[in-house]
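>>> give me the fold of what follows.
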Amino acid sequence: MTSNRTQRVLVVGSGAAGTAAAWALAQDPRFAVEVWEAAPQAGGVATSEPIDGHSSAWVNDGVQGGSPTYRNTLWLHEQVGIEPRPVNFRVSFGRDETAWNNTTMTPLVERLRPDIERFGQLLEWIDRLEPVSALLPIGMVLKAGRFSKDFRDHMLYPLTALFFGTGNQTRRVSAAIVARVFQDEKLRLFDFDPERLLSQRPEMFAFDRLSEIYAALVKSVEETGRGTYHFSRPVHRIERRPEGILATDEQGDTERFDALVFACPADVALRTLANPSFRERRVLGAVQYFHDITVTHTDREYMERYYELDDTRRDQYFIRTYPDSTDRIEMSFDLSHYQPQLEQSVYQTIFLDRDHDEHRWTLDEINPDKVLFSKPWIQFSHTWQHYVRVVPWLRFLQGRNRTYFAGSWTLANTHEVATISGFAAAHRLGAAYPLSHDELALEQFETYLSAVHGQTMKTSAPT
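Below you'll find the predicted structure:
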């Protein structure tokens, strides 16, 4: 796009990706950006919910926080005067004979020390052979290496699921992606421990009230005079013609734009495109999704039944494996150990993969009188197929027909990736990347730009 007139850009979705794209575009007088969002507020999966019927008592839902490597996300929040609150990372996996954590030595860790030590050696080879290891599921690699089932199911798979949101598909995740949990200096939270696998308590942060953060970012965009948000306005149909992008909402109203950023799930983008290309059908259609349910509750008895709780350690994350299928997990959080504003114990339990594991769910064992709220979730799959059928081919979609795709699904399921993806879409349109002064943020951005857009900062001219 190389015109002197103001370019109208439509951003579909106002989660982390859509917010970042809209913010960057709104800083440039060459653009007028509109955001169409199906929900009544911005934030996507990152929301804040009241508890006990009082708006003053709340929890963040969907997204809790991150690590100091979340430079793009942190910087964007700082632009509206909001800083995160530091917390220390503490986890508790399993219970009884399968229990382990990142603060003490347990019998399981002691017994699996030979596997842990060998895994450190395997990481080096996975890293060196990344072009090949990226195409191999970690489960296949571990079985070929004769790693024990206990190490796979009770240590490595739960840990990877926790960091990358891979749910019950972890054994099918690319070996190269798993290695990055431990090897990638831009992403890892801790150093590999050859005796305990995980022993540090690195600094993390908890987001402040997400609903207020996103409301402030919306206000910031609109105050430029170059950005407009339309909430409760789902996109019904997108038609791309030579004269422009024609977007129709569910009320039948149509507007014309010069460019389009899909900052929504891949299946939503594909469903709304009136004329998807062959490549768009193949790539967007290859994104797999799984259905989960998150229950926020105060049922201490349920937590004690299935997890090892130690209030002196103040663990935040908990994972248990199902007895009949130990490579399948359930995840929980103690939000009161994560979100400082809470004065009472509030837990969040995530039941994963409805289609395959609903018969294992123990959701009905949570006391209904202690359930604060429940939410269904849809998460995309991080299996090795995603890094064969989707990620490498997105570069051939980006910019075609004046259309860009953003969101965590374009690479990995983290809030930071979603934010970077929005900045990348805006950058491809011609907006400046705002963190060029931050070495780590810039390196993360350039890595994403190369992987998902096939571009570098020097070659990514607007198309």
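>>> may I have stretch 221-240 exported as PDB, CA atoms only?
Output in PDB follows, covering the C-alpha atoms of stretch 221-240 (Å, rounded to 0.1, in the frame of the first residue of the first chain):
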ATOM      1  CA  VAL A 221      -6.300   4.200  20.500                       C
ATOM      2  CA  GLU A 222      -9.400   6.200  20.100                       C
ATOM      3  CA  GLU A 223      -7.900   9.300  21.600                       C
ATOM      4  CA  THR A 224      -5.500   9.500  18.700                       C
ATOM      5  CA  GLY A 225      -8.500  10.300  16.500                       C
ATOM      6  CA  ARG A 226      -7.300   7.600  14.100                       C
ATOM      7  CA  GLY A 227      -8.800   4.500  15.800                       C
ATOM      8  CA  THR A 228     -12.400   3.400  16.400                       C
ATOM      9  CA  TYR A 229     -13.700   0.300  18.200                       C
ATOM     10  CA  HIS A 230     -17.100  -1.300  17.500                       C
ATOM     11  CA  PHE A 231     -18.000  -3.900  20.200                       C
ATOM     12  CA  SER A 232     -20.700  -6.500  19.900                       C
ATOM     13  CA  ARG A 233     -20.200  -6.300  16.100                       C
ATOM     14  CA  PRO A 234     -19.300  -9.700  14.700                       C
ATOM     15  CA  VAL A 235     -18.100  -9.900  11.100                       C
ATOM     16  CA  HIS A 236     -20.400 -11.900   9.000                       C
ATOM     17  CA  ARG A 237     -18.800 -11.700   5.600                       C
ATOM     18  CA  ILE A 238     -15.500 -10.400   4.000                       C
ATOM     19  CA  GLU A 239     -15.300 -10.000   0.300                       C
ATOM     20  CA  ARG A 240     -12.100  -8.800  -1.300                       C
END
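>>> what residues of that stretch count as buried?
Buried residues in stretch 221-240, counted by 16 or more other C-beta atoms under 10 Å: 221, 224, 226-227, 229, 233-236, 238, 240. For glycine as for every other residue, the C-beta is placed from the backbone atoms N, C-alpha and C.
>>> which outside residues touch it?
Under the contact criterion C-beta atoms under 8 Å, 6 or more residues apart in numbering, stretch 221-240 has outside partners 12, 14, 19, 22-23, 25-29, 31-42, 218, 245-250, 252, 260, 272-275, 401-403.
>>> got it, and stretch 70-84?
In contact with stretch 70-84 (C-beta under 8 Å, 6+ apart) are residues 16, 19-20, 23, 65-66, 68, 205-208, 212-213, 216-217, 219-220, 414-416, 419-420, 423, 434-435, 438, 440-441, 444-445.
>>> any low-confidence regions in the stretch 351-463 of the chain?
Within the stretch 351-463 of the chain, the segments meeting pLDDT under 70 span 458-463.
>>> which residues in it form strands?
371-380, 403-405 (DSSP state E, counting those that start in this stretch).
>>> hang on, the earlier thing: can you say which of the contacts of stretch 221-240 are buried?
12, 14, 19, 22-23, 25-28, 31-38, 41-42, 218, 245, 247-249, 260, 272-273, 401-403.
>>> among these, name the ones in strands.
12, 31-36, 245, 247-249, 260, 403 (DSSP state E).
>>> for the stretch 151-300 of the chain, which segments count as helices?
157-164, 175-183, 210-223, 266-272, 278-284, 300-306 (DSSP state H, counting those that start in this stretch).
>>> tell me the most buried of those?
Counting by mean count of other C-beta atoms under 10 Å, helix 175-183 has the highest mean neighbour count of the helices of the stretch 151-300 of the chain, with a mean of 23.
>>> next, the angle helix 157-164 makes with that one.
80 degrees (axes from the mean of the first three to the mean of the last three C-alpha atoms, to 10 degrees).
>>> so what's the gap between helix 175-183 and the chain middle?
The chain centroid and the centroid of helix 175-183 are separated by 16 Å, computed with C-alpha atoms, centre = their mean, to the nearest Å.
>>> pretty sure residue 450 sits against residue 456.
Yes. Using C-beta atoms under 8 Å, residue 450 is in contact with residue 456, at 6.3 Å.
>>> between these two, which one's more packed in?
The neighbour count for residue 450 versus residue 456, taken as other C-beta atoms under 10 Å, is higher for residue 450 (15 against 10).
>>> what's near enough to touch that one?
By C-beta under 8 Å, 6+ apart, the neighbours of residue 450 are residue 456.
>>> burial count for the residue lying closest to residue 68 once chain neighbours are set aside?
Leaving aside its sequence neighbours, residue 68 sits nearest to residue 203 (C-beta to C-beta, 6 or more residues apart in numbering; 6.4 Å). Residue 203 is flanked by 12 other residues according to other C-beta under 10 Å.
>>> next: residue 50.
14.
>>> let me see the contact set for it.
Contacts of residue 50 by C-beta under 8 Å, 6+ apart are 57-58.
>>> quick one: which helix or strand includes it?
If you go by DSSP states H and E, residue 50 is part of strand 47-51.
>>> alpha carbons only: can I get that strand in PDB?
Output in PDB follows, covering the C-alpha atoms of strand 47-51 (Å, rounded to 0.1, in the frame of the first residue of the first chain):
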ATOM      1  CA  THR A  47     -10.800 -11.000  31.000                       C
ATOM      2  CA  SER A  48     -11.500 -10.000  34.600                       C
ATOM      3  CA  GLU A  49     -14.400 -11.500  36.400                       C
ATOM      4  CA  PRO A  50     -16.100 -10.300  39.600                       C
ATOM      5  CA  ILE A  51     -16.500 -12.900  42.400                       C
END
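>>> just the mean pLDDT for it, thanks.
Mean per-residue pLDDT for strand 47-51: 89.
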